[in-house]
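Trainee: The sequence isn't on hand, but the structure is:
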Ligand SMILES: [Ca+2]
C-alpha cells in the first residue's frame, strides 16, 4: 500500500447503496486515508434517503465525528426525472434490513459548498471519491472557478469505456444519472481518474467470499453479510452470476493505492442526449484529426484500463473482516 506518513484526506460523494456501504467501511478501515466528510447524492436512492443512509452508516461505524453534507436533489440542468436503482439495492438502498432512522443530522452547508470550502482550505490536499452521479462535483466546479485547481484529485466510479453499459448498452449508471454533470467534470481540467465498469466488472466478490464475511465476527463483515443478500439476488437475475461486482470499493481502493490499476490518458466527453445518452467516449490521441472536434483542446483525464483484481478483492476482504 501507499507508504505515506500523512493520511490522504478524502471526501466520499455517495448514494448509499450496498457497494457504497462497503466502500465507506473500507475507507474507515484504511489507515492510508482520513475521511473528512461524506456528501450525498441521488442514484441508488433519492438524495434524502442517501443522506439518511450516510448518517446511519457512520453511526454503525461509530464515526459520528465525520460530517455529512446533503447534495443536490435534481440534476445539473434541474431535471427532476431521476433514474433510481432501488431494484438493485433494495427500496431502502441498504438491502431492506429495516434499520432504525439515524440520530444525526446533515450540515447546514450543501454538498457543493462543503466541497468548495474544504478544497479552498486545503488546496491540492483533498481527494474526492465520487461514487454516484456527478451533480455535486459539477456544482462545485460551477460555484468556484478555482475548485478544479484546488481539489487534489477526483477519483470517480463511472463510465463504460469501450464496453457495454449497465443501464443500457450505451451507458453506465452514475454517468447516466447526470450526463451533463459528468461532461462538466471530465472537461474541467481537474486531476480526474475514472474507474469504469470495464474495470470493476473484473472485481467480483463471490458467494464463498460472502460466506467468509458471514463467519467473521467483525462488525462490518456482519453488517455487510445482511445487506449483500439483495445485491447477490440482483446480480444472479441480471447477469446470471453467483457473485457481485465491487464497483465502489474498487474506485475507493484506486484512490488509496493507484498501483492497483493501470491507466490510459485522454480527453473524455459524455453524450448528453439521444439513445446513447450517458455514453463516455475517450479520445486516445492516436490520431491527430484535421478538423476541430468537440474533443480538441479538452484537458486530459486518466481512465483505468486494468486492475489487479485478486489484490483488490483480498484488500476488501482483509479490511472488512478485521
Ligand atoms: Ca454508488
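Mentor: Sure thing, it's come through. No experiment lies behind these values; they were computed from the predicted model shown.
Trainee: And for residue 125, the neighbour number?
Mentor: Residue 125: 15 surrounding residues under other C-beta atoms under 10 Å. No exception for glycine: its C-beta is placed from N, CA and C like everyone else's.
Trainee: what's near enough to touch it?
Mentor: Going by C-beta atoms under 8 Å, 6 or more residues apart in numbering, residue 125 touches 9, 152.
Trainee: quick one: it from residue 258, how far?
Mentor: 16 Å (C-beta to C-beta, to the nearest Å).
Trainee: Residue 242 now?
Mentor: Taking C-beta to C-beta, one finds residue 242 at 31 Å from residue 258.
Trainee: Can you check the pLDDT for residue 241?
Mentor: Note for residue 241: predicted pLDDT of 89.
Trainee: Residue 311 now?
Mentor: Residue 311 is assigned a predicted lDDT (pLDDT) of 98.
Trainee: returning to that earlier point: which one of residue 242 and residue 258 has more residues nearby?
Mentor: residue 258 (16 against 13).
Trainee: Looks like that one contacts residue 191 (just checking).
Mentor: No - with contacts defined as C-beta atoms under 8 Å, residue 258 does not count as touching residue 191, sitting 11.3 Å away.
Trainee: Count the residues that sit near the residue of the stretch 51-200 of the chain found nearest the ion.
Mentor: Closest approach of the stretch 51-200 of the chain to the ion (C-beta to the ion) occurs at residue 131, with a separation of 3.9 Å. Residue 131 has 30 neighbouring residues, counting by other C-beta under 10 Å.
Trainee: Go ahead and confirm it touches residue 157.
Mentor: Yes - using C-beta under 8 Å, residue 131 is in contact with residue 157, at 5.1 Å.
Trainee: Now for these two: what residues contact both?
Mentor: 174, 247, 248, 251.
Trainee: tell me which of those is nearest to the ion?
Mentor: Scanning these for proximity to the ion, where the rule is C-beta to the ion, the winner is residue 248, at 4.8 Å.
Trainee: any residues touching the host helix or strand of that closest one, and which ones?
Mentor: Assigned by DSSP states H and E, residue 248 belongs to helix 247-256. Residues from elsewhere that reach helix 247-256 (C-beta under 8 Å, 6+ apart): 1-2, 8, 10, 12, 14, 17, 19-20, 22-23, 26-27, 30, 32-33, 127, 129-131, 153, 155-157, 193, 195, 197, 199-200, 203, 260-261, 304, 307, 312, 315-316.
Trainee: Next, the buried residues of stretch 175-192.
Mentor: 175-188, 190-192 (16 or more other C-beta atoms under 10 Å).
Trainee: Kindly report the residues of the stretch 1-150 of the chain close to the ion.
Mentor: Within the stretch 1-150 of the chain, the positions near the ion by C-beta under 5 Å from the ion are 15, 17, 20, 131, 132.
Trainee: What subset of those residues is buried?
Mentor: Judged by 16+ other C-beta under 10 Å, buried ones among these: 15, 17, 20, 131, 132.
Trainee: Residue 105 - that's part of a strand, no?
Mentor: No - under DSSP: H, G, I helix; E, B strand; the rest coil, residue 105 falls outside any strand and is assigned coil.
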